[in-house]
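Novice: please work out how this folds:
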Amino acid sequence: MASVRAGAVSRAIQNIVDIIREKSQTHHIALISLDIKSAFHNMNWSVLFKLFDDLNFPKFFRNFIFHYLNNRTVSFSNEIVSISRACFRGCPQGSVVAPTIWNIYINPILERNNTSFYTQAFADDLALIISGRTARELEANTNIALAEIAQHLQEIKLSLSVHKCQALVFRSVSSRKFSKRNSTILNRKLTFKINNFSIKISDSLKILGIVLDNKLTWTAHISSLYSKILSLTSNFNRVIKSDWSMNRNILKIWYSTIIEKALLYRASNWAGALTKHHISRLHSFQRVFLLRFTRAYKTTSTNVLNVLTGIPPLHITAKAEFCKFQIWVRRSPSYNHIINNIPLDYNINIRNIPSEQKSIVLPSTIQEADFEVYTDESRIDNETGLAVCTFQQNDNVSNFLFKLNSYNSVFQAELEAIHFACNWALQNNYQYSYR
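Specialist: Numbers count the residues shown, from 1 in each chain. Below is the predicted model of the structure:
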């Protein structure tokens, strides 16, 4: 899942969380965020076409990609100089085919997954999950996996940016009961290395815009929203002070489309584990905006501000996002009790749906036809026209020429030609073959 359609970020994050929760019951887990150095810029074209050979790509697709990448240049110009250089590597970004090219290129790394480690890619972001029954085993497995991935990346002409790689360690649930105060920190300090360079091990890790902590409580992520709400409301405050007469509906749209969306980024992943402390923090974040919006006294309670503005509490909106994700994306049966009596659409694997397609073969000619009718339509220089010709035993019997309005398309001309031919046959009670 290196590059996939939009909306897959939540599924990618949820997949990582599910694997960690499942394996951490009996094993210690290490989550490594791997950063590929200039990933898209360093994609080697010769390696790409070698991968096409290994996958037995049809020649047509190979030629298509070749001509798509061929004759590319990188240019720079200013008032003094203009420079242009030929480009022989890199994955062009912003096109339809680019994600598919990158998926093929990074796929050899994902094929190395086994029982000891799991690699997941989202575009150029790699996440590595390793397990071990003991701290020593986890350290050994992690270093082996990192060495393998670094080697395989080198084979496809890519390398890791070690100083940007980070690690997060999860202690197994079964071993926490033997520690003091149910600690999630291992007794033995671990060392993870890539090419003899140590990578940082921290208590929290940011992946795909979400901050994970070593307890999977989402506390670190919700705490990180404080700095975000300050930056989001700074511009809002300037507008409020400069224009006191601004329409409140506009301010409400500003909140719902910018501020709320930013604060509830991927709430479909973290809103299912909200605690009383988390809800209190979300209330305080939302309160900053509500006070500016209503211009009320600071002593006004947050619940009253919600009622006055008609804006629901932030934790309720977040919970709604989580429920929708569980129902419509994960197809979870946990919320079936909410609307038991209402039949809902449900997901069916397309492979399990029997095909009811029928092949209909249309004859090219009608036996014993009285006439053969031919039509032609064209549009040249904003002029649209059509012609209808009738033949009987290969002799041209009649011709009809029509000119349509300048705004008519060639498709409309085709429909009109078919309509005229059918009416001509019906009025004269003829059987004819249409071409």
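
Novice: only C-alpha atoms for contact and neighbour calcs from this point on.
Specialist: Fine.

Novice: in the helix or strand harbouring F49, what's buried?
Specialist: Here F49 sits within helix 45-54, counting by DSSP states H and E. Burial within helix 45-54, assessed by neighbour count using 16 or more other Cα atoms under 10 Å, is assigned to 45, 48-49, 51-52.

Novice: can you list the domains in the chain?
Specialist: 6-213, 219-326, 371-434 (the TED database).

Novice: just say helix, strand or coil for N237.
Specialist: Following DSSP: H, G, I helix; E, B strand; the rest coil, we place N237 in the helix state.

Novice: can you name the residues that contact it?
Specialist: N237 is in contact with R292, counting by Cα atoms under 8 Å, 6 or more residues apart in numbering.

Novice: again, only this time at 10 Å
Specialist: Listed by Cα atoms under 10 Å, 6 or more residues apart in numbering, the contact set of N237 reads 289, 292-293.

Novice: kindly report the same for C165.
Specialist: 32-36, 126-127, 194, 198-201.

Novice: once you drop chain neighbours, what's closest to it?
Specialist: Spatially, and ignoring its direct neighbours in sequence, C165 is nearest to L34 (4.9 Å; Cα to Cα, 6 or more residues apart in numbering).

Novice: that neighbour should be in a strand, yeah?
Specialist: Yes: L34 forms part of a strand when assessed by three-state DSSP.

Novice: who does it bridge with?
Specialist: L126 (DSSP bridges).

Novice: do you know how far it is from L160?
Specialist: Plainly put, L34 is 7 Å away from L160 if you go by Cα to Cα, to the nearest Å.

Novice: give me the more crowded residue out of the two.
Specialist: Legend: neighbour count by other Cα atoms under 10 Å for L34 and L160, higher for L34 (26 against 19).

Novice: right, and that one touches D124 too?
Specialist: Yes: between L34 and D124 a contact is recorded at 9.1 Å, counting by Cα atoms under 10 Å.

Novice: give me the low-pLDDT residue ranges for the stretch 1-150 of the chain?
Specialist: 1-7 (pLDDT under 70).

Novice: burial check on P313, number of neighbours?
Specialist: So P313, with other Cα under 10 Å, has 18 neighbours.

Novice: should've said N423
Specialist: Using other Cα under 10 Å: N423 sits among 12 other residues.

Novice: assign a three-state SS to it, would you?
Specialist: Classified using three-state DSSP, N423 is helix.

Novice: how close does it get to K324?
Specialist: Counting by Cα to Cα, the gap from N423 to K324 is 54 Å.

Novice: do W218 as well
Specialist: For W218, the distance to K324 - Cα to Cα - is 19 Å.

Novice: kindly reformat the contacts of N237 as a markdown table containing pLDDT.
Specialist: A markdown table is the format used below for the contacts of N237 (pLDDT from 0 to 100):
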| residue | pLDDT |
| --- | --- |
| F289 | 86 |
| R292 | 82 |
| F293 | 83 |
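
Novice: tally of neighbours for R112?
Specialist: Quick note: R112 (other Cα under 10 Å) scores 14 neighbours.

Novice: that one and I106 touch, don't they?
Specialist: No: using Cα under 10 Å, R112 is not in contact with I106, being 11.2 Å away.

Novice: between these two, which contacts overlap?
Specialist: Common neighbours of R112 and I106 (Cα under 10 Å, 6+ apart) are H152.

Novice: now do the strands in the stretch 151-300 of the chain.
Specialist: 166-170, 193-194, 197-198, 200-202, 204-207, 210-213 (DSSP state E, counting those that start in this stretch).

Novice: mean neighbour count and mean pLDDT added to these, as JSON lines?
Specialist: JSON lines is the format used below for those (neighbours: other Cα atoms under 10 Å; pLDDT from 0 to 100):
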{"stretch": "strand 166-170", "mean neighbour count": "22", "mean pLDDT": "94"}
{"stretch": "strand 193-194", "mean neighbour count": "18", "mean pLDDT": "92"}
{"stretch": "strand 197-198", "mean neighbour count": "12", "mean pLDDT": "92"}
{"stretch": "strand 200-202", "mean neighbour count": "16", "mean pLDDT": "92"}
{"stretch": "strand 204-207", "mean neighbour count": "18", "mean pLDDT": "92"}
{"stretch": "strand 210-213", "mean neighbour count": "20", "mean pLDDT": "93"}
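
Novice: just put these in a markdown table and tack on distance to N15.
Specialist: What follows is the strands of the stretch 151-300 of the chain, written out as a markdown table (distance: least, Cα to Cα, whole Å):
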| stretch | distance to N15 |
| --- | --- |
| strand 166-170 | 16 |
| strand 193-194 | 25 |
| strand 197-198 | 27 |
| strand 200-202 | 21 |
| strand 204-207 | 12 |
| strand 210-213 | 13 |
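
Novice: A30 belongs to a strand?
Specialist: Yes: counting by three-state DSSP, A30 falls inside a strand.

Novice: now for it: which residues touch it?
Specialist: Per Cα under 10 Å, 6+ apart, neighbours of A30: 20, 24, 117, 128-132, 138-139, 141-142, 167-171, 192, 201, 214.

Novice: same thing but at 7 Å, please
Specialist: 129-131, 167-170 (Cα atoms under 7 Å, 6 or more residues apart in numbering).

Novice: can you list these in TSV and add distance to T257?
Specialist: Below are the contacts of A30 laid out as TSV (distance: Cα to Cα, whole Å):
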residue	distance to T257
I129	35
I130	38
S131	40
A167	34
L168	33
V169	36
F170	36
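
Novice: those: which two are farthest apart?
Specialist: S131 and A167 (13.0 Å; Cα to Cα).

Novice: hang on, the earlier thing: contacts for the helix holding F49, please.
Specialist: 88-89, 105, 156.

Novice: which stretches of the stretch 251-400 of the chain have low pLDDT?
Specialist: In the stretch 251-400 of the chain (pLDDT under 70), the answer is 336-349, 364-366.

Novice: ok, now with 80
Specialist: 331-369 (pLDDT under 80).

Novice: now the helices for it?
Specialist: 260-263, 267-270, 276-294, 302-309, 314-324 (DSSP state H, counting those that start in this stretch).
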